[in-house]
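Participant: 3D, please:
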Amino acid sequence: MTRQQLIEEIHRKKSFLCVGLDPDHAKIPAHLKDNPDWIFNFNKGIIDAVAAHCVAFKPNTAFYECYGAWGWAQFEETVHYIRTAYPEQFIIADAKRGDIGNTSGRYAKAFFENMDCDAVTVAPYMGSDSVKPFLDFEGRWVILLGLTSNAGSIDFQHHGSEPLYLEVIRTAMTWGNPDNMMIVAGATRGEQLKAVREAAGNAFLLVPGIGAQGGSLEEVIEMAMIPQDIGLLVNSSRGIIYAGDGEDYADLAANEAAVLAKKMSLTFA
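Facilitator: Just a heads-up that it's a prediction; the model follows:
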């Protein structure tokens, strides 16, 4: 998906919501726990319920690969279902990969060619040769870890007279451009979002931390939205997909997604 296609879809739906697909057997509804394809069936219920309210889905690969080959098959089936049933959706493999060039190239091939994802999250610690192989795939995206929302982000990301995360973002934007690179910017760090926006220019920001992690959608919009292009994908995972644990879980997920999408729609007035 191109940047322009993504922007058009955001304006069509008046939403920039991304829904994380992080299936946890301990949290899914009881009626699905014994299903031999419980991951896919849980995901399908969520996808069908919330697709009208969001523009992107973000399956976190850890929740699939922990089950080995079966889990990977569930991941691939999930991506294939989104791609065929909702082709307008932007699909992010939240894999947080990052390794030397030839290895990164194989990761890129796996997620872009074999699994047909639009984007993959990438850790920049090893530098340019761990990121650039992902940028060689036309129409696909790197989503670079910039400012994350976890508590441990203070261990490295905030060091220096100018925080390290800003240097990382500025440097990374010389490797890619707003047509093939996004930056992760945690919503729980609202006071830093303005600085991230300045460092990232017109690049899209993937903003986790809304909902269960306590981030403020209003603050994200105020600090980081850019005119016309919007420039944001705001992610919510647990706050949507685990809104309910009964047979009506998908309906309750849709309700939560609709609330966020309605708040987002006000920015288009």
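Participant: hang on, isn't residue 107 packed against residue 121?
Facilitator: No: using C-beta atoms under 8 Å, residue 107 is not in contact with residue 121, being 10.9 Å away. (Each C-beta comes from the backbone N, C-alpha and C, glycine too.)
Participant: which neighbours do the two have in common?
Facilitator: Listed as contacting both residue 107 and residue 121 by C-beta atoms under 8 Å, 6 or more residues apart in numbering are 95, 97.
Participant: so these two - more neighbours on which side?
Facilitator: Neighbour comparison, residue 107 and residue 121: the larger count goes to residue 121, with 24 against 19 (by other C-beta atoms under 10 Å).
Participant: quick check, that one in a helix?
Facilitator: No: secondary structure of residue 121 (DSSP: H, G, I helix; E, B strand; the rest coil): strand, not part of a helix.
Participant: contacting residues for it?
Facilitator: Taking C-beta under 8 Å, 6+ apart as the criterion, residue 121 is in contact with 92, 93, 94, 95, 96, 97, 143, 144, 145, 184, 206.
Participant: please redo it, this time with the cut-off set to 10 Å
Facilitator: Counting by C-beta atoms under 10 Å, 6 or more residues apart in numbering, residue 121 touches 58, 60-61, 92-98, 111, 141-145, 182, 184, 206, 208.
Participant: please pick the buried ones from these.
Facilitator: Neighbour-count burial within the contacts of residue 121 applies to 58, 60-61, 92-98, 111, 141-145, 182, 184, 206, 208; the criterion is 16 or more other C-beta atoms under 10 Å.
Participant: in strands, which of the contacts of residue 121 appear?
Facilitator: Judged by DSSP state E, the contacts of residue 121 include 58, 92-97, 141-145, 182, 184, 206 as members of strands.
Participant: can you classify the residue of the chain positioned farthest from its centre by secondary structure?
Facilitator: Distance from the C-alpha centroid of the chain peaks at residue 161, with 29.6 Å (C-alpha atoms, centre = their mean). Recorded secondary structure, residue 161: coil (three-state DSSP).
Participant: kindly report the same for residue 233.
Facilitator: Classification of residue 233 using three-state DSSP returns strand.
Participant: once you drop chain neighbours, what's closest to it?
Facilitator: Excluding the flanking residues, the one nearest residue 233 by C-beta to C-beta, 6 or more residues apart in numbering is residue 18, at 4.5 Å.
Participant: same check on residue 31?
Facilitator: In space, residue 31 comes closest to residue 247 once its chain neighbours are excluded; the distance is 5.6 Å by C-beta to C-beta, 6+ apart.
Participant: in contact with that neighbour, which residues are there?
Facilitator: Counting by C-beta under 10 Å, 6+ apart, residue 247 makes contact with 29, 30, 31, 32, 45.
Participant: and stretch 59-76, end to end?
Facilitator: The first residue of stretch 59-76 is 10 Å away from its last residue (C-alpha to C-alpha, to the nearest Å).
Participant: now it: buried residues?
Facilitator: Buried residues in stretch 59-76 (16+ other C-beta under 10 Å): 59, 60, 61, 63, 64, 71, 74, 75.
Participant: how close does the first one sit to residue 236?
Facilitator: What it means is residue 59. Distance, residue 59 to residue 236, using C-beta to C-beta, to the nearest Å: 14 Å.
Participant: centre of the chain to stretch 57-71, how far?
Facilitator: Centre-to-centre, stretch 57-71 and its host chain are 15 Å apart (C-alpha atoms, centre = their mean, to the nearest Å).
Participant: show the average pLDDT along that stretch.
Facilitator: Per-residue pLDDT over stretch 57-71 has a mean of 98.
Participant: ranges for the strands of the stretch 1-150 of the chain?
Facilitator: Assigned by DSSP state E, counting those that start in this stretch, the strands in the stretch 1-150 of the chain fall at 17-21, 56-59, 90-97, 119-122, 141-147.
Participant: partner strands of the first one, with direction?
Facilitator: As defined by DSSP bridges, the strand partners of strand 17-21 come to strand 56-59 (parallel), strand 232-236 (parallel).
Participant: right, I'll leave it there.
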